[in-house]
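Chemist: Following is a predicted model, sequence given first.
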Amino acid sequence: MLHRLCTGAVVAAALLVAGLSGSASAGTEPSPSTAPGAAQTLKSAEAPPALVNAMSRDLGIDTRQAYTRLANEAEAGATAGRLRADLGKDFAGAWVRGAESATLTVATTDRADIPAIEARGATARLVRHSLADLDAAKARLDRTAREATTGTPVWYVDVRDNALVVEEARPGAARALLSAAGVDSSLAKIVRTSELPRPLYDLRGGDAYYINSGSRCSIGFPVTRGTQHGFATAGHCGRAGNSTTGSNRVAQGTFQASVFPGSDMAWVAVNSNWTATPTVVGSAVQVAGSTQAVVGASVCRSGSTTGWHCGTIQQHNTSVTYPEGTITGVTRTSVCAEPGDSGGSYISGSQAQGVTSGGSGDCRTGGTTFFQPINPILQSYGLTLKTTSSGPGDPGDPGDPGGTWSAGTVYQAGATVTYGGATYRCIQGHQAQPGWEPPNVPALWQRL
């Protein structure tokens, strides 16, 4: 009997909402009337009841608003990506707000950019610091804070505040860290906190997967590496060589690689009795890709302890210090989680976002959690995310169009490729898949 990997995947239905769709590129690109919109590209038109119910419960919205919100967030991500490419060094971040994520705000350091932002249907905000400058300041903090410390447990770039936020649990700790890193205090905002994040593993039995027949974590996303099946999960759950068993206590696989602290990523190769699928056991929730969602977007998490819970993406590129050490490049969210949920999946719409790392609080009183983004895991270990099918384009034999674009490659925003004699720039980070060739998906690629 074949067992299937449990995944936490979420899918969303979508409505095409006016105002955030942008326009298709010129030349031989599909015309605006025929080009697939972002919601169609990201397959956000397949929302299962599990996702919609969790969003309604946790975000305080009704079913109609949940569907509309998911569509708006897909379109906002594409619009923000285009504007980031167009604004260049002036770009200072983007985010959505409102119950239905109907308002996209894009920040810039140059007043002359405001007409271009508004022409795309977004709200413009003029700010002092560019995202590049704030990210560079955060990188200096990351290099300085090598040792675990509870004095400054979390720091991140908050695009809505246009500041490098440093949380401090001990008075004076934040200023000491900024000074040691040589970061100008005018870039920073210090916030007092009593929260002390920790990894979310547990030493209980009963479900999910077990490491060395002891501690329990949650499976993130099924993946393949050539013909080998496996899954991505959190690095703190196990070390390379550790064995795993499934929730049914049947032998499952072995950790192939693991990083923690520094990052919080790992992958497990499974034996031939287990098959990677993009479907959550017992429901119709499925994964269609790994396009990164914008700040403010809704995101839902599946874990073996608390099941489905939803919230919003608060900041990307966050650094957090656990008792074991500091990890960088994680995403901060308002989703709750509890011990045993570690390694489980975060989804926005139908798009995989990452695996649960740690946090504070619980699902009775609320809390803050962090996830390790999935695309760096795929890229680091040469993995391919298991998805429902190919992208929105025709996945048939395209012949040999030539160029540098390649299915299975993880592309970051700003990367350029050639395809069919044309050059394209990536506007949203994702792992490429058949059917997502640049001419087919203007929500992901901009022709230059």
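Modeler: In hand now; what should we look at? Numbering: from 1, shown residues only.
Chemist: the helices in this structure, which residues?
Modeler: For the chain, the helices defined by DSSP state H occupy 38-41, 49-59, 63-87, 114-119, 131-144, 173-181, 374-381.
Chemist: Nearest approach to residue 258 belongs to which of the ones you listed?
Modeler: The closest of the helices of the chain to residue 258 is helix 374-381. By CB to CB, the value is 10.1 Å. Bear in mind the C-beta positions are built from the backbone N, C-alpha and C, glycine included.
Chemist: Quick one: list the elements packing against that closest one.
Modeler: Contacts defined by 3 or more CB pairs under 8 Å, 6 or more residues apart in numbering; DSSP states H and E place helix 374-381 against strand 221-225, strand 228-233, strand 251-259, strand 265-270, strand 351-362, strand 384-385, strand 410-411, strand 430-431.
Chemist: Check what contacts that helix and list those residues.
Modeler: 220-221, 223, 225, 232, 256-257, 259, 263, 265-267, 290, 292, 329, 352-355, 383-385, 410, 412, 429-431 (CB atoms under 8 Å, 6 or more residues apart in numbering).
Chemist: what mean pLDDT does it have?
Modeler: Averaged across helix 374-381, pLDDT comes to 97.
Chemist: Could you tell me the angle between it and strand 221-225?
Modeler: Here helix 374-381 points in a direction 30 degrees away from that of strand 221-225 (axes from the mean of the first three to the mean of the last three CA atoms, to 10 degrees).
Chemist: What residues of helix 374-381 count as buried?
Modeler: 374-378, 381 (16 or more other CB atoms under 10 Å).
Chemist: any low-confidence regions in the stretch 201-350 of the chain?
Modeler: 201-207, 279-285 (pLDDT under 70).
Chemist: repeat that for 90
Modeler: Scanning the stretch 201-350 of the chain for pLDDT under 90 picks out 201-208, 213-215, 221, 246-251, 272-288, 301-305, 307-308, 340, 345, 349-350.
Chemist: Tell me where it has strands.
Modeler: Applying DSSP state E, counting those that start in this stretch to the stretch 201-350 of the chain gives strands spanning 209-211, 215-217, 221-225, 228-233, 243-245, 251-259, 265-270, 274-275, 298-303, 307-322, 325-333, 345-348.
Chemist: can those strands go into CSV with extra columns for mean neighbour count and distance to residue 170?
Modeler: Shown next, in CSV, are the strands of the stretch 201-350 of the chain (neighbours: other CB atoms under 10 Å; distance: least, CB to CB, whole Å):
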stretch, mean neighbour count, distance to residue 170
strand 209-211, 23, 33
strand 215-217, 25, 30
strand 221-225, 23, 37
strand 228-233, 25, 32
strand 243-245, 19, 38
strand 251-259, 19, 28
strand 265-270, 26, 29
strand 274-275, 18, 46
strand 298-303, 29, 30
strand 307-322, 22, 12
strand 325-333, 23, 16
strand 345-348, 31, 30
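Chemist: I'd like to know which of those lies nearest to residue 112.
Modeler: Closest to residue 112 of those, according to CB to CB: strand 307-322, at 26.5 Å.
Chemist: Hey, what's the angle from that closest one to strand 298-303? Just curious.
Modeler: Orientation check (the same axes, to 10 degrees): strand 307-322 against strand 298-303 gives 90 degrees.
Chemist: Measure how strand 307-322 sits relative to strand 325-333, angle-wise.
Modeler: 140 degrees.
Chemist: Okay, now the sheet partners of strand 307-322, with direction.
Modeler: Using DSSP bridges, strand 307-322 pairs in its sheet with strand 154-158 (antiparallel), strand 298-303 (antiparallel), strand 325-333 (antiparallel).
Chemist: Dump the second one to PDB, restricted to CA.
Modeler: Taking Å, rounded to 0.1, in the frame of the first residue of the first chain, the C-alpha atoms of strand 298-303 are listed here in PDB:
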ATOM      1  CA  SER A 298      -3.400  36.900   3.400                       C
ATOM      2  CA  VAL A 299      -1.500  33.700   4.200                       C
ATOM      3  CA  CYS A 300      -2.600  30.500   5.700                       C
ATOM      4  CA  ARG A 301      -0.700  27.800   7.600                       C
ATOM      5  CA  SER A 302      -1.300  24.100   8.000                       C
ATOM      6  CA  GLY A 303       0.300  22.200  10.900                       C
END
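Chemist: List the contacts of the residue positioned nearest the centre of the chain.
Modeler: Nearest residue to the geometric centre of the chain (CA atoms, centre = their mean): residue 353, 2.9 Å. Neighbouring residues of residue 353 by CB under 8 Å, 6+ apart: 290, 292-293, 299, 313, 331, 345-347, 371, 373-374.
Chemist: So it versus residue 126, what's the distance?
Modeler: Computed as CB to CB, to the nearest Å, the residue 353 to residue 126 distance reads 30 Å.
Chemist: Equivalent analysis for residue 248, please.
Modeler: 57 Å.
Chemist: Which one of the two is surrounded by more residues?
Modeler: Remark: of residue 248 and residue 126, residue 126 carries more neighbours, 14 against 9, as counted by other CB atoms under 10 Å.
Chemist: Just grab the bridge partners of the more buried one for me.
Modeler: Beta-bridge pairing of residue 126 under DSSP bridges involves residue 108.
Chemist: Would you quantify the distance from it to residue 161?
Modeler: 14 Å.
Chemist: quick one: which of the strands paired with strand 307-322 is nearest residue 236?
Modeler: Closest of those to residue 236 is strand 325-333, at 8.8 Å (criterion: CB to CB).
Chemist: what comes into contact with the closest one?
Modeler: Here strand 325-333 makes contact (CB under 8 Å, 6+ apart) with 142, 145-149, 154, 156, 260-264, 299, 301, 311-320, 346, 353-354, 357, 368-373, 376.
Chemist: Report the distance from stretch 293-307 to the chain centre.
Modeler: On the basis of CA atoms, centre = their mean, to the nearest Å, stretch 293-307 sits 9 Å off its chain's mean C-alpha point.
Chemist: Actually, stretch 175-185.
Modeler: Between the centre of stretch 175-185 and the centre of its chain there are 29 Å (CA atoms, centre = their mean).
Chemist: Mind listing what's buried along it?
Modeler: 177-178, 181, 183.
Chemist: now swap in stretch 356-376 and tell me
Modeler: For stretch 356-376, by 16+ other CB under 10 Å, it's 356-361, 363, 367-376.
Chemist: returning to that earlier point: and of the buried residues of helix 374-381, the nearest to residue 272?
Modeler: Nearest to residue 272 among those, counting by CB to CB, is residue 381 at 20.1 Å.
Chemist: For the strands paired with strand 307-322, give me JSON lines that also has distance to residue 61.
Modeler: JSON lines is the format used below for those (distance: least, CB to CB, whole Å):
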{"stretch": "strand 154-158", "distance to residue 61": "24"}
{"stretch": "strand 298-303", "distance to residue 61": "9"}
{"stretch": "strand 325-333", "distance to residue 61": "17"}
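Chemist: For residue 67, which of those is the nearest?
Modeler: Closest among the strands paired with strand 307-322, using CB to CB: strand 298-303, at 11.3 Å.
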